[in-house]
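Asker: What follows is a predicted structure for the sequence shown.
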Amino acid sequence: MRFSHDMPTHRFTADDVMRMVDVGVLDEDAPVELIDGELIVMSPQGPRHAHTLLLLRSVLCQAYGALRVREEKPIRLNAYSLPEPDLCVTVRNGGAFVDAHPTAADCVLVMEAAHSSQRADRRKAALYAAGGVPEYWLVDLIDQTVTVYADPATDGYRLVRVHRDDEPIPLPGLDAMMTVDSILPR
């Protein structure tokens, strides 16, 4: 049975979700993320997605250092959003986040890899921009592209560029580049 959308609903806050984890209502490894007050079930990873994340993590760890690269860990964007991007590079090493999840101000780069979640991950661009994440990359495993979203504003990113093949993509905050071919298996 589905209820009508005109019925009252409850939006969860990030604090609500953390309390649910603390008391055991939600398992801390539950495959959900809080997006705009709703707990969203995350889809399982296929082998291509998992392999791409291994390649991306390796490139990012070499460039930024392993302690600054977080894989599938929460970011506190606002009171109602606690997404868990595939990868995130932070300005400080992981030890800085023992007592609190990083915020957008702590992020250098957030990445999502999409095999079947392109639409949802494109919608996340607006969420990351409104939260102030400086750069968001959508790695599209079907189209074999990396869309770079930069210059966040409350209504979305002002700069959006699609990269293909061996076109260089600057790594934010570094004098280094990578290419789509280096992270997407053919």
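Answerer: Nice, thanks for sending it over. Everything numeric in this text was worked out from a predicted model, so none of it was measured.
Asker: Export stretch 109-121 to CSV, keeping only CA atoms.
Answerer: The C-alpha coordinates for stretch 109-121 follow below in CSV (Å, rounded to 0.1, in the frame of the first residue of the first chain):
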residue,chain,number,x,y,z
LEU,A,109,36.9,16.7,-3.9
VAL,A,110,33.9,14.4,-3.8
MET,A,111,33.4,11.6,-6.4
GLU,A,112,30.6,9.3,-7.3
ALA,A,113,31.0,6.4,-9.8
ALA,A,114,27.8,5.5,-11.6
HIS,A,115,26.9,2.4,-13.5
SER,A,116,23.1,2.6,-13.0
SER,A,117,22.8,5.6,-10.7
GLN,A,118,23.6,8.4,-13.1
ARG,A,119,20.3,10.2,-12.5
ALA,A,120,20.5,10.1,-8.7
ASP,A,121,24.2,11.1,-8.8
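Asker: Leaving out chain neighbours, which residue sits closest to R76?
Answerer: Of all residues not flanking R76 in the chain, H101 sits nearest, at 4.6 Å (Cβ to Cβ, 6 or more residues apart in numbering). C-beta coordinates here come from the backbone N, C-alpha and C atoms, glycine included.
Asker: so what's that neighbour up against?
Answerer: 73-76, 82 (Cβ atoms under 8 Å, 6 or more residues apart in numbering).
Asker: Among the residues you listed, which one lies nearest to V110?
Answerer: Nearest to V110 among those, counting by Cβ to Cβ, is I75 at 6.9 Å.
Asker: ok, now how distant is the closest residue in space to the closest one that isn't next to it in sequence from H115?
Answerer: Excluding the flanking residues, the one nearest I75 by Cβ to Cβ, 6+ apart is P102, at 5.5 Å. Distance from P102 to H115, counting by Cβ to Cβ, to the nearest Å: 26 Å.
Asker: Pick out whichever of those two has more residues nearby.
Answerer: In this view P102 and H115 are compared by other Cβ atoms under 10 Å, and P102 has more residues nearby, 21 against 17.
Asker: Could you check how far that one is from R48?
Answerer: Distance of P102 to R48, computed by Cβ to Cβ: 28 Å.
Asker: residues touching D155, list them.
Answerer: Residues in contact with D155 (Cβ under 8 Å, 6+ apart) are 126, 129-130.
Asker: for D106, same thing?
Answerer: D106 sits next to 75, 90-92, 96-97 when contact means Cβ under 8 Å, 6+ apart.
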